[in-house]
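1. mind folding the following:
(6 chains)
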6 protein chains.
Amino acid sequence: MDIQELYKRGLALRKKIFGSDAVEKRMSAVGEFGKPLQHIVNAYAYGDVWSRPGLPDRIRSLIVLGMTAAINRPAEFKVHMNGAINNGCTPEEIREVCLMIALYCGIPASNDAHKIALETLTEKGIEAG
Amino acid sequence: MDIQELYKRGLALRKKIFGSDAVEKRMSAVGEFGKPLQHIVNAYAYGDVWSRPGLPDRIRSLIVLGMTAAINRPAEFKVHMNGAINNGCTPEEIREVCLMIALYCGIPASNDAHKIALETLTEKGIEAG
Amino acid sequence: MDIQELYKRGLALRKKIFGSDAVEKRMSAVGEFGKPLQHIVNAYAYGDVWSRPGLPDRIRSLIVLGMTAAINRPAEFKVHMNGAINNGCTPEEIREVCLMIALYCGIPASNDAHKIALETLTEKGIEAG
Amino acid sequence: MDIQELYKRGLALRKKIFGSDAVEKRMSAVGEFGKPLQHIVNAYAYGDVWSRPGLPDRIRSLIVLGMTAAINRPAEFKVHMNGAINNGCTPEEIREVCLMIALYCGIPASNDAHKIALETLTEKGIEAG
Amino acid sequence: MDIQELYKRGLALRKKIFGSDAVEKRMSAVGEFGKPLQHIVNAYAYGDVWSRPGLPDRIRSLIVLGMTAAINRPAEFKVHMNGAINNGCTPEEIREVCLMIALYCGIPASNDAHKIALETLTEKGIEAG
Amino acid sequence: MDIQELYKRGLALRKKIFGSDAVEKRMSAVGEFGKPLQHIVNAYAYGDVWSRPGLPDRIRSLIVLGMTAAINRPAEFKVHMNGAINNGCTPEEIREVCLMIALYCGIPASNDAHKIALETLTEKGIEAG
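-> Next up, the predicted model:
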């Protein structure tokens, strides 16, 4: 397969998960400087790994929420909160991930995750709790 | 509910996931010194959080694999590899988690996770690939 | 012991350390969504671990400042700065913890800790230095 | 050598890398409370390690960008972005470090690094990309 | 003060905490290659920070156990377990630190800390529990 | 460009840096299970990022040593120690990176890095110090 096809496939999946506008906004925000990283994200992250058939997107989203909370990257956790909701994760499922974070990464990590999760659900007008 | 009930419920679930022998071996290995932590693990981790109905054990296992790889705790990742297999996770699903680790936590974290995952699958005589 | 007693004991200790208003504000901020985590915090963190007799609260506060700086959770470090002061830790003791962070977690972690420590001391009108 | 000489040598190098104003602003911001840490920074970090002849400052800057992105300390990454530019690192070299972060620390860490790198280059009026 | 005095003061304190033999063994193990780091450890870590009067060694040891568990450096945790015991920390106090780790850094970190703590206490013939 | 070309280019560069035997040993060790990750490593890590002209391999090696020490992945640090030596990094340059780790990631991280660095230099019969 040509790399450009991988890129197109990944970009399409990325837009399906996060919405076309959100993805374009993120890509233009980093301009020319960020193009090589956006290539990595679109072609390799979404065009390859996320496009693999082994797990449904909804489960991938829950796993990524756990990982990004664990590595302490709130901006990425926020992005994937939006993706998780679009992929059909329920507030209850998201909360369970946030509670598991307390066990495995500690209560402070879980506090931070809860805060962003609740904020995102509220922004989307989703009843949380 | 009395805390002792929480403890019993948690210990029963823990033994169901990891096997009675493995849990008893772990608990006796830390002796009197480790009793308060084992109380936390049995009563609070398994008796409360893991016992919540919001997510099936199989999905919790995949999420915990992602989290314990992210926080760089190989001994815990190994324990939960055994739990994941017992909970019905397939080698393909486990590999997808390990590949997502490369994206979100970096390739070295994914190398370490792959190594332990493959080792555990081999120990259990499960065809991996 | 019943879990509700554990919860009450923990909530009382938590309010003693951080002040009633601060605790209630934090609990109401996360609403229904955050109730299970608040249960973990009140019943298990404060009702169990913090309630154990093995260490005085003042020493626990110094240790938690070190841990929360090490794991890079500034919001939690800030909360426990308030608790540390209420528990009787002096600015000199707090600074010593922040200096030990430089040795064991690196100078950037120590810079971040110093900044929040000084900010909190200033907010409380405590002479620092 | 007397420690005061070490301190002076370090402070001079620090001012050469970051500019006199920036260093004095940082030092006065932490006041009396921060003096012992500023001593560590000036005497030991810049007066000793950074003053060693084994690596040119330009290469040290690239390495520190990688380290501070890896340990997730954005305020420190920002400070060293300014130092890297003053030490003669080009936007292309800085971007390569940020891309290596994606491989070794994961894409979220690289996103955060790219954002601060681009912001700093823009503040300095440097064409990035 | 001359740096050599700082170095001597630090080395003496380090030997008092860990024992002369243990320190000399560690220093000779890293040979010429490790001399600059040993200088940092002796002169700056023990000659400066640890020599400050603001906290007793016993409390510093408990804090360092918490920090080194939090940053996931088991070899360093082990070294400081020996130091903590020499500085008069009791098994009960050490266990309380290990339990706090479960709250703030997660259960896997606490498991790892308990294991090394118990191993060290057993090596020293100290009743743990 | 076709992805297979990217893969081939990356594999060739990887073998140049680490030696053909070492790479083939690593690839066969993870078997079928590890093929998708090996694809990511060869095609994306070495065929794309490492193949970019913006930084010489020798400087990339020093940066990766800093990053892998910072993220606490000793197996990866060891692999890249071998690569660094093959890429022409001197023991003095490697030691400077290890000393910078003490400043930015803390002394325990620097201790671990020094130990592996010295071990690798000794294995290769390189005078260190």
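2. let me know the distance separating the spatially most central residue of chain A from F:A84.
-> Centroid check for chain A by Cα atoms, centre = their mean gives A:H80 as the closest residue, at 2.3 Å. Distance of A:H80 to F:A84, computed by Cβ to Cβ, to the nearest Å: 35 Å. The way it works is simple: take the backbone N, C-alpha and C, and place the C-beta from them, glycine included.
3. picking up where we left off before, for the residue nearest to the centre of chain A, give me its contacts.
-> By Cβ atoms under 8 Å, 6 or more residues apart in numbering or on different chains, the contact set of A:H80 is A:61, A:64-65, A:68.
4. ramachandran angles for the residue lying closest to A:D48 once chain neighbours are set aside?
-> Excluding the flanking residues, the one nearest A:D48 by Cβ to Cβ, 6 or more residues apart in numbering or on different chains is A:L6, at 6.4 Å. Per-residue torsions, A:L6: phi -60, psi -40 (degrees, to the nearest 10).
5. up against chain B, what does chain A have?
-> A:44-45, A:49, A:52, A:54-55, A:59-60, A:62-64, A:66-71, A:76, A:92-93, A:95-97, A:99-105 (Cβ under 8 Å from any Cβ of the partner chain).
6. nearest residue to the residue nearest to the centre of chain A other than its sequence neighbours?
-> Nearest one to A:H80, counting by Cβ to Cβ, 6+ apart, is A:V64 at 4.8 Å.
7. quick one: secondary structure of the residue in chain A that chain F sits nearest to?
-> Relative to chain F, the nearest point of chain A is A:Y44 (4.8 Å; Cβ to the nearest Cβ). At A:Y44, secondary structure determined by DSSP: H, G, I helix; E, B strand; the rest coil is helix.
8. so it touches F:V41, yeah?
-> No - A:Y44 lies out of contact with F:V41 (Cβ atoms under 8 Å); the separation is 11.3 Å.
9. about what we covered before: in helices only, show me the contacts of A:H80.
-> Judged by DSSP state H, those include A:61, A:64-65, A:68 as members of helices.
10. out of the residues you listed, who has the most neighbours?
-> Neighbour count (other Cβ atoms under 10 Å in any protein chain shown) singles out A:L65 as the most crowded of the ones in helices among the contacts of A:H80, with 29 neighbours.
11. need the pLDDT of the nearest residue to that one once chain neighbours are set aside.
-> Counting by Cβ to Cβ, 6+ apart, A:L65 lies nearest to A:V97, which is 5.0 Å off, once chain neighbours are set aside. What the model reports for A:V97 is a pLDDT of 98.
12. so A:V79 touches A:F18, yeah?
-> Yes - between A:V79 and A:F18 a contact is recorded at 7.0 Å, counting by Cβ under 8 Å.
13. report pLDDT for the residue nearest to A:H80.
-> Value for A:V64, per-residue pLDDT: 98.
14. A:E92 too?
-> 97.
15. may I have the phi/psi pair for it?
-> phi -70, psi -40.
16. tell me how many other residues crowd it.
-> A:E92: 14 neighbours (other Cβ under 10 Å).
17. how would you label the residue nearest to A:N86 when sequence neighbours are not counted: helix, strand or coil?
-> Leaving out its chain neighbours, the residue that sits closest to A:N86 by Cβ to Cβ, 6+ apart is A:I17, at 5.8 Å. Secondary structure, three-state DSSP: A:I17 is helix.
18. buried residues, stretch A:47-64. List them.
-> A:47-50, A:54-55, A:57, A:59-64 (16 or more other Cβ atoms under 10 Å in any protein chain shown).
19. got the contact list for A:P74?
-> A:112, A:116.
20. which residue does chain A have closest to chain D?
-> Chain A approaches chain D most closely through A:E32 (2.8 Å), counting by Cβ to the nearest Cβ.
21. neighbours around that residue, how many?
-> Around A:E32 there are 12 residues (other Cβ under 10 Å).
22. mind checking how far it is from F:I116?
-> For A:E32, the distance to F:I116 - Cβ to Cβ - is 38 Å.
23. on that earlier part again, dump the contacts of A:H80 into a markdown table; add distance to C:A128 as well.
-> Formatted as a markdown table, the contacts of A:H80 follow (distance: Cβ to Cβ, whole Å):
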| residue | distance to C:A128 |
| --- | --- |
| A:S61 | 44 |
| A:V64 | 41 |
| A:L65 | 38 |
| A:T68 | 35 |
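24. verify the stated contact: A:H39 with A:Y7.
-> Yes - with contact defined as Cβ under 8 Å, A:H39 counts as touching A:Y7 (6.6 Å).
25. quick one: the helices in chain A?
-> Under DSSP H, chain A gives helices at A:3-18, A:20-29, A:35-39, A:57-70, A:74-86, A:91-105, A:107-123.
26. I'd say A:K115 and C:V30 touch.
-> Yes - between A:K115 and C:V30 there is a contact under Cβ under 8 Å: 7.2 Å.
27. now A:G54: closest residue in space, sequence neighbours ignored.
-> Nearest residue to A:G54, sequence neighbours excluded (Cβ to Cβ, 6+ apart): B:E96, at 4.0 Å.
28. for the one you found, give me its contacts.
-> Here B:E96 is in contact with A:52, A:54-55, A:60 (criterion: Cβ under 8 Å, 6+ apart).
29. and A:A22, how many neighbours does it have?
-> Neighbours of A:A22 using other Cβ under 10 Å come to 16.
30. got a pLDDT number for it?
-> 96.
31. how about the residues of chain A near chain D?
-> A:30-37, A:40-41, A:45, A:68, A:71-73, A:75-76.
32. where are the low-confidence patches of chain A?
-> A:129 (pLDDT under 70).
33. and chain A, which of its residues are near chain F?
-> Residues of chain A lying near chain F (Cβ under 8 Å from any Cβ): A:1-3, A:6, A:36, A:39-40, A:44, A:48-49, A:52.
34. which two in the residues you listed are spaced the farthest apart?
-> Farthest pair in the residues of chain A next to chain F (Cβ to Cβ) is A:P36 and A:R52. Separation: 22.9 Å.
35. and the closest residue to A:Q38 other than its chain neighbours, how far is that from A:V41?
-> Closest residue in space to A:Q38, ignoring its immediate chain neighbours: A:M27 at 5.3 Å, by Cβ to Cβ, 6+ apart. Using Cβ to Cβ, one gets 9 Å for the distance from A:M27 to A:V41.
36. ok, these two, which is more surrounded?
-> A:V41 (25 against 17).
37. got a list of what the closest residue to the more buried one other than its chain neighbours touches?
-> Nearest residue to A:V41, sequence neighbours excluded (Cβ to Cβ, 6+ apart): D:I107, at 6.3 Å. For D:I107, the contacting residues are A:37, A:40-41, A:45, A:76, B:103-104, by Cβ under 8 Å, 6+ apart.
38. again, but for A:L37
-> Here A:L37 is in contact with A:30, D:98-99, D:102, D:107, D:110-111, D:114 (Cβ under 8 Å, 6+ apart).
39. just checking, A:K78 touches A:T120?
-> Yes - contact criterion Cβ under 8 Å: A:K78 and A:T120 qualify, at 6.4 Å.
40. neighbour-wise, which of these two wins?
-> Using other Cβ under 10 Å as the criterion, A:K78 and A:T120 rank with A:T120 on top: 21 against 16.
41. pretty sure that one sits against A:N86.
-> No - contact criterion Cβ under 8 Å: A:T120 and A:N86 do not qualify, at 11.1 Å.
42. what number of residues lie near the nearest residue to A:I85 once chain neighbours are set aside?
-> Of all residues not flanking A:I85 in the chain, A:K124 sits nearest, at 6.0 Å (Cβ to Cβ, 6+ apart). The burial count assigned to A:K124 is 13, neighbours taken as other Cβ under 10 Å.
43. got a list of what A:R95 touches?
-> With Cβ under 8 Å, 6+ apart, A:R95 has these contacts: A:114, A:117, A:128, B:54, C:33, C:36.
44. right, I'll call it a day here.
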